[in-house]
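Asks: coords below, sequence missing:
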């Protein structure tokens, strides 16, 4: 599997560890952009790596310092390259592959159109997006998320209603869409996870939905479930971490993705 590392990515080590624990063989590819030649070489290397991978994970961070004009734009701009677009779509629809985006990776997926549409395409003014938290600053805290759809290989080990206690850390994590779009995404089983309170109810209370996501949406799927994007840093777990936090901390997304291919 492939973890591309963009300028500003800072969660590649945790993501690699989380997949390696379940038997994945990781290739970490650093995207270099100090010159046009380096960038072109990186694009060609990225194309080759995608063509040989079964899973691509876009990790968290602040790609290109969240520029130009917002989070995930550098990654989205890069993947509008026709060679990379073709490789990623071939992975998904000709080679039975999977794609995961966490935090900044989710921001890139939604700005590419991969979630919720399943394809790289230009966005419209009314397309669903991830935007600035309503408090106007970065948030780092623990939230509770509930599984509301298992229509994905990534969620094959989860049950509807399972609640996981997970860390978030972002400045642009608020899911924004029209009421009609949110209702359609829920009806189609494309909302994977939602922010909930201590008893499992969806909420706009900032204690439990800190970024005020519309529809309490925390994680989103492509129509066929092969692509999952979510804001919570499910990779930021390990021995001795979050010892004072109660709840179900280990969401089996990494295990499910790996075992989709090795079982």
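Replies: Arrived safely, thanks for sending. Everything numeric here is computed off the predicted structure, so don't read it as measured data.
Asks: Tell me which residue is most central in this structure.
Replies: residue 101 (2.3 Å; Cα atoms, centre = their mean).
Asks: Based on its surroundings, how many neighbours for residue 84?
Replies: For residue 84, the neighbour count with other Cβ atoms under 10 Å is 18. Just so you know, the C-beta spots here come from the backbone N, C-alpha and C atoms, and that holds for glycine as well.
Asks: just to revisit the earlier point, in which helix or strand would I find the residue nearest to the centre of the chain?
Replies: strand 98-102 (DSSP states H and E).
Asks: Angles on the backbone of residue 203, please.
Replies: Phi and psi for residue 203, reported as degrees, to the nearest 10, are phi -160, psi 160.
Asks: Quick check: what element follows the host helix or strand of residue 194 along the chain?
Replies: Remark: residue 194 resides in strand 191-196, with elements defined by DSSP H and E. Going down the chain from strand 191-196, the next helix or strand is strand 217-221, by DSSP H and E.
Asks: could you give the angle of that next one to strand 98-102?
Replies: Between strand 217-221 and strand 98-102, the angle comes out at 160 degrees (axes from the mean of the first three to the mean of the last three Cα atoms, to 10 degrees).
Asks: and the angle from strand 217-221 to strand 191-196?
Replies: Using the same axes, to 10 degrees: strand 217-221 against strand 191-196 is 170 degrees.
Asks: Which residue ranges of the stretch 151-263 of the chain form strands?
Replies: All strands of the stretch 151-263 of the chain, identified by DSSP state E, counting those that start in this stretch, fall at 163-170, 174-176, 191-196, 217-221, 227-230.
Asks: What helices and strands are in contact with the first one?
Replies: When contacts are defined as 3 or more Cβ pairs under 8 Å, 6 or more residues apart in numbering; DSSP states H and E, strand 163-170 sits against strand 139-147.
Asks: From the contact counts, what lies against the strand it packs on?
Replies: Using 3+ Cβ pairs under 8 Å, 6+ apart: strand 139-147 touches strand 163-170, strand 191-196, strand 217-221.
Asks: ranking those strands by burial, who's on top?
Replies: Highest mean neighbour count of those: strand 217-221, a mean of 28 (counted as mean count of other Cβ atoms under 10 Å).
Asks: partner strands of that one, parallel or antiparallel?
Replies: strand 191-196 (antiparallel), strand 227-230 (antiparallel) (DSSP bridges).
Asks: In this structure residue 235 contacts residue 13, no?
Replies: No - if you go by Cβ atoms under 8 Å, residue 235 and residue 13 don't touch, sitting 9.0 Å apart.
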